[in-house]
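J.: Sharing a model that was predicted from the sequence below.
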Amino acid sequence: MNSKNILVIAGEASGDLHGASLIRELKNLDSSLKIFGIGGNKMKAEGMELIHHIDKMAFLGFVEVIKHLPFIKKVQRDLIAEVKRRKVSEVVLIDYPGFNLSIAKKLKQLEPELKLELIYYITPQVWAWGKGRVYKIRELFKKVLVVFPFEEK
């Protein structure tokens with residue numbers, strides 16, 4: 001029997017913490033799961049294969065993002081290649097909206113080729129980021145998991 005491959009992306013320390021808890025629970029449900037992606041030491045300790053470490057993904061501000069754009073694009077290409085190679089069925093994106101919304105759009109374009117279920121765990125706080133993101137998130141994701149009960153609305 002083939003094991004299921006899941007891509008998980010967390011780009012910050014808080015995402016690493018939440019991602020580690022998620023991976024632990026998923027592995028408790030099915031120990032054959034193969035989980036890979038972007039995370040930190042906590043996610044790695046729970047059994048995730050790191051394709052890229054969050055230490056290399058911490059960009060603050062517009063100038064930093066522009067300066068590192070070639071690297072960011074390479075990371076996205078690496079992940080998309082792995083999704084295709086491993087025939088991933090689920091993708092869990094944790095917070096980190098600048099990167100995650102961008103890669104979600106690219107992954108959504110693979111849907112005719114792959115049957116991907118895109119899940120956003122700890123979405124950008126719409127009350128802080130603006131209502132325009134709600135429509136983008138609704139368009140890209142099959143499931144959205146929020147932290148605060150009032151965010152469900």
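T.: Structure received.
J.: where does this structure have low pLDDT?
T.: 1-2, 124-135, 143-153 (pLDDT under 70).
J.: Assign a three-state SS to residue 9, would you?
T.: Taken by DSSP: H, G, I helix; E, B strand; the rest coil, the conformation at residue 9 corresponds to strand.
J.: List the contacts of it.
T.: By C-beta atoms under 8 Å, 6 or more residues apart in numbering, the contact set of residue 9 is 37, 38, 39, 79, 91, 92, 93, 94, 96, 99, 100, 103. C-beta coordinates here come from the backbone N, C-alpha and C atoms, glycine included.
J.: For the residue nearest to the spatial centre of the chain, which non-adjacent residue is closest in space?
T.: By C-alpha atoms, centre = their mean, the chain has its centre lying nearest to residue 93, at 2.3 Å. Nearest residue to residue 93 in three dimensions, chain neighbours excluded: residue 100, at 4.0 Å (C-beta to C-beta, 6 or more residues apart in numbering).
J.: and the host helix or strand of that neighbour, what does it pack onto?
T.: Element membership for residue 100 (DSSP states H and E) is helix 97-108. Applying 3 or more C-beta pairs under 8 Å, 6 or more residues apart in numbering; DSSP states H and E, we find helix 97-108 packed against strand 5-10, helix 69-86, strand 90-94, strand 117-121, helix 132-140.
J.: who does the third one pair up with?
T.: On the basis of DSSP bridges, the sheet neighbours of strand 90-94 come out as strand 5-10 (parallel), strand 117-121 (parallel).
J.: Buried residues, the helix or strand hosting residue 25. List them.
T.: Taking DSSP H and E as the criterion, residue 25 maps to helix 13-29. Residues of helix 13-29 classed as buried by neighbour count (16 or more other C-beta atoms under 10 Å): 15, 16, 18, 19, 20, 22, 23, 26.
J.: re the thing from before, can I get the helices and strands packed on helix 97-108 in JSON lines with distance to residue 56?
T.: Formatted as JSON lines, the helices and strands packed on helix 97-108 follow (distance: least, C-beta to C-beta, whole Å):
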{"stretch": "strand 5-10", "distance to residue 56": "13"}
{"stretch": "helix 69-86", "distance to residue 56": "8"}
{"stretch": "strand 90-94", "distance to residue 56": "17"}
{"stretch": "strand 117-121", "distance to residue 56": "21"}
{"stretch": "helix 132-140", "distance to residue 56": "25"}
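J.: which stretch among those comes nearest residue 44?
T.: Checking the helices and strands packed on helix 97-108 against residue 44 by C-beta to C-beta gives strand 5-10 as the closest, at 11.2 Å.
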